[in-house]
Structures are given as C-alpha cells and as structure tokens.
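K.L.:
3D model of this:
(one chain, ligands or ions: 1)
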Amino acid sequence: MQDVVKVGIVGCGRAGRKYAAAGLLAHPQAEIVGLTSRTEASARQLRQDLSLTAEVFPDYPTMLESDGLTAVALCTPPPCHFEQAKLALAAGKHVIIEKPATTSIQEAEELIALASQHGRQVLVAQNMRFAPSITTARNWLAYGMIGDVHAVSGIFEHGGPGKDWFFDPAQAGVGGSFYDLGVHLIDTVRFLLGPSVWQLTSADLNHDPRGIDTVGEVSYQTPPGVTIALSTSWLARTMIGRISIQGNRGNIQVVFRPIPNQQLLHTPEGASNEAMQNITSFTSQAFANPYYYFIETILGRISGDPMGISLANNLPTIQAVMAAYRR
Ligand SMILES: NC(=O)c1ccc[n+]([C@@H]2O[C@H](COP(=O)([O-])OP(=O)(O)OC[C@H]3O[C@@H](n4cnc5c(N)ncnc54)[C@H](OP(=O)(O)O)[C@@H]3O)[C@@H](O)[C@H]2O)c1
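P.N.:
Residues are numbered from 1 along each chain as shown. Just a heads-up that it's a prediction; the model follows:
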C-alpha cells in the first residue's frame with residue numbers, strides 16, 4: 001500500500017485553491033506535487049500563497065509524465081474536464097473532478113467505462129454531501145422522523161460567479177445558474193432521498209442576452225410520488241441555499257447557506273418535539289472533504305463509495321441536469 005498519494009492540481013483558480021488544495025493539505029498522506037493552469041502565473045501564485053513545494057508545470061501533459069504522480073484534481077471549467085480526465089486515465093492516474101463533472105451524459109458514460117477499464121477511481125467533488133447540515137438531515141430522514149416524503153423544494157441563489165467564463169456559453173459548457181447551482185441541489189436531494197429515477201416535469205430557464213440562464217426553475221417527479229421543485233439564480237442580492245422536505249409526519253428544512261448550517265425539524269407532536277440544531281463546528285473545511293475522501297479511497301481505507309461521489313454514482317445527477325437543458 002502507498003504511504004503518500006502524490007497529486008497534481010489542474011486549474012489554479014478558486015476551486016483549485018479553496019477546495020482542492022485545502023482538502024489535500026488537510027490529509028497527512030496527500031502531497032501536492034504538481035500545479036498547472038492555463039497560465040503559469042496562476043500556478044505560481046497558488047504555490048506562493050500556500051507555501052507549497054509543488055512543481056509548476058508549463059502544461060498538463062508534462063505534469064502527467066512527472067515521476068510518481070498518482071492522481072489529479074481537475075479544477076478547470078467543465079468543458080475541459082472530459083479530455084483532461086481521459087488523458088489522466090490513459091496515464092493510469094486516479095481523478096477527482098469538480099462539479100459539474102461533464103458537459104454531456106455521453107462524456108460521463110465514456111469516463112465511467114474508461115475508469116473501469118484502467119482500474120482507477122474517478123470521483124466528483126460534490127462537496128454539499130459533506131456539509132454537516134446535510135448529513136444530519138439525511139440521518140433524520142433515514143430514521144423516518146418525518147414519515148414518507150412527498151415533496152421537496154430547493155433554492156440556491158447568489159449574485160453570480162465572479163469569473164466571465166461562467167457567462168459565456170462556449171466556455172461554460174452547458175448553461176448558467178441551473179448548471180452551476182442546480183447540480184448541487186439535485187445531487188444533495190438525491191443524497192437525502194436515496195436512489196430513485198427522476199423524471200423532468202418542467203424546466204423554465206431564463207436566458208439573458210448572452211445566452212446563459214441567470215435564473216432557473218426546474219421540477220421533477222420520482223416514481224414513488226415525490227415532487228421536486230428546484231430554483232436557482234445568479235441575480236440575488238444575498239446568498240441563500242435551502243432545501244425543504246415535506247413528509248406525511250412533518251418536515252425538515254435545511255439551510256446550508258449562509259453558514260453556519262442549520263436544520264429545523266417539525267413533527268405532528270408539536271412544539272415539544274420540535275428540534276433545532278445549529279452546527280457550530282461547521283467550517284469551510286467541510287466543503288473540501290471530497291478531496292480528503294479521494295485520498296482515503298486511493299489508500300483503500302474507504303471502499304464501496306459510502307458518500308456516493310464516484311462518477312458512476314454521480315451519473316443520475318448529470319442525467320437530471322442535462323434533462324433540464326434537453327440534452
Ligand atoms: N464545489 C463548489 O462549490 C465549487 C465552487 C467553485 C467552483 N467550482 C467548480 O470548479 C471548477 C472551476 O471553477 P472556478 O470557480 O475555480 O473557476 P476559476 O476561478 O476561473 O478557475 C479555473 C481555473 O482553470 C484554469 N483553466 C482554464 N482553462 C484551462 C485549461 N484548458 N487548462 C488548464 N487550466 C485551465 C484557469 O487558469 P488561469 O488562472 O491560468 O487562467 C483558472 O485558474 C468549475 O467546474 C466550477 O463549477 C465548484
């Protein structure tokens with residue numbers, strides 16, 4: 001078994017810094033040995049800011065050839081993910097990809113097949129699954145505290161990403177706010193409810209003149225009779241992330257943004273059974289945990305993907321997102 005997992009980060013922007021580097025630095029057996037980005041300047045800046053010893057590579061293929069590299073973290077815009085993951089798998093590397101993992105269902109299916117062919121892990125950094133408010137709500141649902149679930153609504157909105165590429169359809173890949181934020185909501189609701197087939201019932205994606213949906217309202221139905229209504233926006237004045245789950249015995253509301261995370265549980269027994277829990281231990285580190293989990297998976301200390309973030313387990317999330325864009 002390996003003692004140290006040597007990882008290269010591709011894309012030294014926000015996710016590369018805040019999520020990948022943070023999660024990898026937290027793991028005692030992970031070593032960030034390589035950094036590469038579209039420009040060397042970004043990679044050098046990250047190296048300097050975090051006092052890393054990693055080598056800065058002029059391009060991704062050169063980094064893939066470096067000695068001892070075990071894995072890569074793809075923190076680039078979504079249209080880059082497919083080719084970068086294919087190259088990594090062909091070179092025998094494990095891969096973790098930022099969300100949204102791919103720009104089509106076909107890309108995801110091809111990468112799943114390649115991962116299996118090469119015997120390598122491909123995980124998707126769906127960090128909301130690791131947020132304490134979400135895991136607590138998931139436990140409450142598993143304990144049957146609100147009975148049978150019949151409706152879920154979710155909202156995730158903020159003032160829009162700070163980078164121009166998110167607003168350019170050619171660089172963004174599939175879409176705007178629903179592709180970017182809806183993928184979090186879909187994946188989190190899937191994590192909360194467990195496996196089921198989602199059928200799209202409506203998709204209202206409000207495209208601005210640039211051709212990007214700055215606002216999205218999308219609904220699904222699952223065969224057990226659960227109605228799911230999700231709403232995203234990049235036009236909000238303040239950030240809010242909330243999921244509300246209605247059962248025949250009560251309801252759970254999870255507020256995951258702004259932090260600290262919070263859940264409210266209402267049951268028919270009334271106020272005496274009302275529970276409220278503030279997760280004070282929550283830090284932004286929780287959002288880096290897919291990277292920690294990635295290292296544990298490579299080391300063989302986690303098996304069977306209990307958090308459900310392998311690309312194969314992420315496929316229904318990708319299918320639900322693509323359905324909204326009729327792809
Ligand atoms: N999980 C979350 O909550 C979360 C939050 C934020 C972002 N993300 C995801 O992370 C990914 C990146 O988003 P971001 O916000 O980090 O964007 P960002 O700040 O713009 O960073 C993207 C980085 O990718 C680099 N890049 C672009 N094209 C490249 C290429 N062809 N080869 C190598 N590097 C390339 C850019 O390099 P230069 O700087 O050198 O130009 C930039 O540093 C997206 O999939 C996004 O959805 C996830």
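
K.L.:
which residue ranges of this protein form strands?
P.N.:
Secondary structure of the chain (DSSP state E): strands at 5-10, 30-36, 55-56, 71-74, 94-97, 122-124, 149-157, 199-207, 213-222, 226-233, 240-247, 250-257, 262-266, 275-278.

K.L.:
mean confidence for the last one?
P.N.:
The average pLDDT for strand 275-278 rounds to 36.

K.L.:
ok, the closest residue to the ligand within the stretch 51-200 of the chain to residue 15 distance?
P.N.:
Closest to the ligand within the stretch 51-200 of the chain is residue 98: 3.4 Å, counting by Cβ to the nearest ligand atom. (C-beta placed from N, C-alpha, C; glycine too.) As judged by Cβ to Cβ, to the nearest Å, residue 98 and residue 15 stand 5 Å apart.

K.L.:
and for the residue of the stretch 51-200 of the chain closest to the ligand, the neighbour number?
P.N.:
26 (other Cβ atoms under 10 Å).

K.L.:
and it, what does it touch?
P.N.:
11, 15, 19-20, 73-76, 78, 81, 124-125 (Cβ atoms under 8 Å, 6 or more residues apart in numbering).

K.L.:
just want the residue of this structure that's nearest the ligand.
P.N.:
With Cβ to the nearest ligand atom, the shortest gap between the chain and the ligand falls at residue 13, namely 1.9 Å.

K.L.:
neighbours of residue 228, how many?
P.N.:
Per other Cβ under 10 Å, the neighbour tally for residue 228 reads 27.

K.L.:
list the contacts for it?
P.N.:
151-154, 189, 198, 219-222.

K.L.:
and the residues you listed, which are buried?
P.N.:
Those of those that meet the buried threshold are 152-154, 189, 198, 219-222, by 16 or more other Cβ atoms under 10 Å.

K.L.:
can you find the helix or strand of this protein with the lowest average pLDDT?
P.N.:
Here the helix or strand of the chain ranked lowest by mean pLDDT, DSSP states H and E is strand 275-278, holding a mean of 36.

K.L.:
domain ranges for the protein, per the record?
P.N.:
Per the record, the chain has its domains at 5-127+288-306, 132-281, by automatic domain parsing.

K.L.:
out of the ones you listed, deepest packed?
P.N.:
domain 5-127+288-306 (a mean of 20; mean count of other Cβ atoms under 10 Å).

K.L.:
what's the end-to-end length of that domain?
P.N.:
Domain 5-127+288-306 has an end-to-end distance of 21 Å (Cα to Cα, to the nearest Å).

K.L.:
pLDDT on that domain, on average?
P.N.:
96.

K.L.:
then stretch 146-162?
P.N.:
Stretch 146-162 shows a mean pLDDT of 96.

K.L.:
with stretch 229-249 instead?
P.N.:
For stretch 229-249, mean pLDDT is 95.

K.L.:
chain center to that stretch: distance?
P.N.:
The chain centre lies 17 Å from the centre of stretch 229-249; the measure is Cα atoms, centre = their mean, to the nearest Å.

K.L.:
could you tell me the end-to-end distance of that stretch?
P.N.:
Distance across stretch 229-249, first residue to last, is 20 Å (Cα to Cα).

K.L.:
now residue 107: how far from residue 175?
P.N.:
Between residue 107 and residue 175 the computed distance is 15 Å (Cβ to Cβ).

K.L.:
and residue 208, by the same measure?
P.N.:
As judged by Cβ to Cβ, residue 208 and residue 175 stand 11 Å apart.

K.L.:
do residue 22 as well
P.N.:
Look at residue 22 and residue 175: by Cβ to Cβ, they are 27 Å apart.

K.L.:
quick one: contacts for residue 80?
P.N.:
Neighbour list for residue 80: 10-11, 74 [criterion: Cβ under 8 Å, 6+ apart].

K.L.:
those also near the ligand: which ones?
P.N.:
10-11 (Cβ under 6 Å from any ligand atom).

K.L.:
what is the burial count for residue 314?
P.N.:
Other residues near residue 314 number 27, with proximity taken as other Cβ under 10 Å.

K.L.:
that one touches residue 105, doesn't it?
P.N.:
No. Between residue 314 and residue 105 there is no contact under Cβ atoms under 8 Å: 11.2 Å.

K.L.:
before we move on, the earlier item: between the domains of the chain, which one is nearest to residue 318?
P.N.:
domain 5-127+288-306 (4.9 Å; Cβ to Cβ).
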